[in-house]
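**Student:** below is the sequence, then the predicted model.
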Amino acid sequence: MLKIGIAGVRGLSTLMGFSAIEDVSVEAICDLDEALLHQVQEQHKIPHAYRVFDDMLETDLDAVVIATPMQCHVPQAIAALQAGKHVLSEVTAGVTMDELWWLIENVEASGKVYMLAENYCYMPDNQLIRSLVQNGLLGTVYYGEGEYLHNLQSLVTYNYGLHHSGKTTWRKYWQLGKRGAYYPTHSIGPVMQWFAPEHIASIACFGCGRNNDLSLRQEDTTITMCQLGSGKLARIRLDAVSPRPHHMTYYTLQGTNGVVECSRTAGAPAQIWLRDSGQSIDKATWQPLQDYAQYLPERYQQATEEQKKAGHGGGDFFIVADFIEAVRNGTPPPIDVYTACEWTAVGLLSELSITNRSRQMDMPRFRKNMPYAEQTIQL
């Protein structure tokens, strides 16, 4: 029986996934908000509850999920790894470049599994697009986009649990208090999986300034251009301030044989056009992406209702399943620490870029046994 602990009661997206896997049990939960902690413990029948993370680590848990505020991720991941626990961490991997070096160092020293829980990579449409690329239907892909448009102004103060009084939240500082693409992984993660095995060589970030809320340091919209080692391009947009409906899953991917476009209307179906569809480009018309659903990975096609209920059409189950597979059988986690650090570094380098007139920033080449001399930021 694998025993799991979850830090952060508002990060329960993995709970149903663990519950659907044989011989896995969520044994503990941890949160500073004691009232909410015990409410969630009772609701989900979790045996143990802790307010102190280190106290939870002193138990016989095999792995922990870190779903706390992003500035806690690396300190808690390091503590868990040093306590002999495997780690599934919510995004982002860290909040400074130094933290990324520390994280890699501790993962390598521990021999434990570390995986980034970037669930947007596991959404069915994104998995389908990845399969289309792998099967060659889009030809050679060379340009991708991802956008995360999610107004967060209502989350600047707490409105739940013991903090209902309007106390300022961590998001005021670690998200809306920063410049650049502070939250890049939902956008860049799926795109980089479509470009695999490419790596990001450099980034440059551009902002439109503050037009809506001058109390926040985050600009209304930032655009970050990522150039891959081969010269291919990935563009991500982050907008957490503009007055508009949420749209957190817009993507497009262009290849030599066709293109996939998600709808600009959230929830509307994605579309595809392929050169070998028999239409001339001048008279080209879109097809629903779901016309190619036979290319969806088999496990998604055969997902049970219990697996689908975990969230995102089964994606929230399969991300947990892959983590458990890595823990049990030693298989490489699909989003390992090096990938997690590269995707996270897009945001961290974007802060330096945007505050230096959108200067192009070189991306470190994150990899196993990376030389100390390369653990730098190139200006």
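**Tutor:** That came through fine. Residues are numbered from 1 along each chain as shown.
**Student:** how far off centre is stretch 204-211?
**Tutor:** Relative to the centre of its chain, stretch 204-211 is centred 22 Å away, using C-alpha atoms, centre = their mean, to the nearest Å.
**Student:** give me the buried positions along that stretch.
**Tutor:** For stretch 204-211, a neighbour-count test (16 or more other C-beta atoms under 10 Å) marks 204-207 as buried. From N, CA and C alone the C-beta is placed, and that goes for glycine too.
**Student:** ditto for stretch 78-96
**Tutor:** Going by neighbour count (16+ other C-beta under 10 Å), the buried part of stretch 78-96 is 78-81, 83, 85-95.
**Student:** narrow those residues to those in strands?
**Tutor:** Judged by DSSP state E, these include 86-89 as members of strands.
**Student:** and those, which is closest to Pro288?
**Tutor:** The shortest separation between Pro288 and any of those is 33.5 Å, and it belongs to Leu88 (by C-beta to C-beta).
**Student:** do you know the pLDDT at the closest one?
**Tutor:** Looking at Leu88, its pLDDT is 98.
**Student:** so it touches Gln76, yeah?
**Tutor:** No - Leu88 lies out of contact with Gln76 (C-beta atoms under 8 Å); the separation is 11.7 Å.
**Student:** now do the shared contacts for the two.
**Tutor:** When contacts are counted by C-beta atoms under 8 Å, 6 or more residues apart in numbering, the set common to Leu88 and Gln76 consists of 64, 66.
**Student:** need the contact list for Arg264.
**Tutor:** Counting by C-beta under 8 Å, 6+ apart, Arg264 touches 247, 250.
**Student:** would you say it is within a strand?
**Tutor:** No - judged by DSSP: H, G, I helix; E, B strand; the rest coil, Arg264 forms no part of a strand; its state is coil.
**Student:** next up, phi/psi of it, please.
**Tutor:** phi -80, psi -10 (degrees, to the nearest 10).
**Student:** now it: how far from Phe366?
**Tutor:** The span separating Arg264 from Phe366 equals 33 Å under the rule C-beta to C-beta, to the nearest Å.
**Student:** same thing with Leu12?
**Tutor:** Using C-beta to C-beta, we find Leu12 at a distance of 30 Å from Phe366.
**Student:** how many neighbours does Ala303 have?
**Tutor:** Neighbouring residues of Ala303 were enumerated by other C-beta atoms under 10 Å; the total is 20.
**Student:** what is the neighbour count of Val52?
**Tutor:** Residues contacting Val52 under the criterion other C-beta under 10 Å number 10.
**Student:** again with the one 5 residues further on
**Tutor:** Neighbour count for Leu57, taken as other C-beta under 10 Å: 21.
**Student:** ok, back up a step: and the ones in strands among the buried residues of stretch 78-96, which two are the farthest apart?
**Tutor:** Taking C-beta to C-beta, the two most distant members of these are His86 and Ser89; they sit 10.6 Å apart.
**Student:** mutual contacts of those two, please.
**Tutor:** Shared contacts of His86 and Ser89, defined by C-beta under 8 Å, 6+ apart, are found at Tyr114.
**Student:** do a quick rundown of the helices in the stretch 51-200 of the chain.
**Tutor:** Under the criterion DSSP state H, counting those that start in this stretch, the stretch 51-200 of the chain contains helices at 53-57, 73-82, 97-110, 124-134, 171-174, 185-195.
**Student:** what about dumping the CA coordinates of stretch 197-204 to CSV?
**Tutor:** Provided in CSV are the C-alpha atoms of stretch 197-204 (Å, rounded to 0.1, in the frame of the first residue of the first chain):
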residue,chain,number,x,y,z
PRO,A,197,12.5,16.6,-27.8
GLU,A,198,13.3,20.3,-28.4
HIS,A,199,14.5,22.6,-25.6
ILE,A,200,14.0,26.4,-25.1
ALA,A,201,17.2,28.3,-25.9
SER,A,202,16.1,31.9,-25.1
ILE,A,203,13.1,34.0,-24.2
ALA,A,204,12.1,37.7,-24.4
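**Student:** buried residues in it?
**Tutor:** Of the residues in stretch 197-204, those buried under the neighbour-count criterion (16+ other C-beta under 10 Å) are 198-204.
**Student:** from those, which land in strands?
**Tutor:** Taking DSSP E as the definition of strands, these contribute 200-204.
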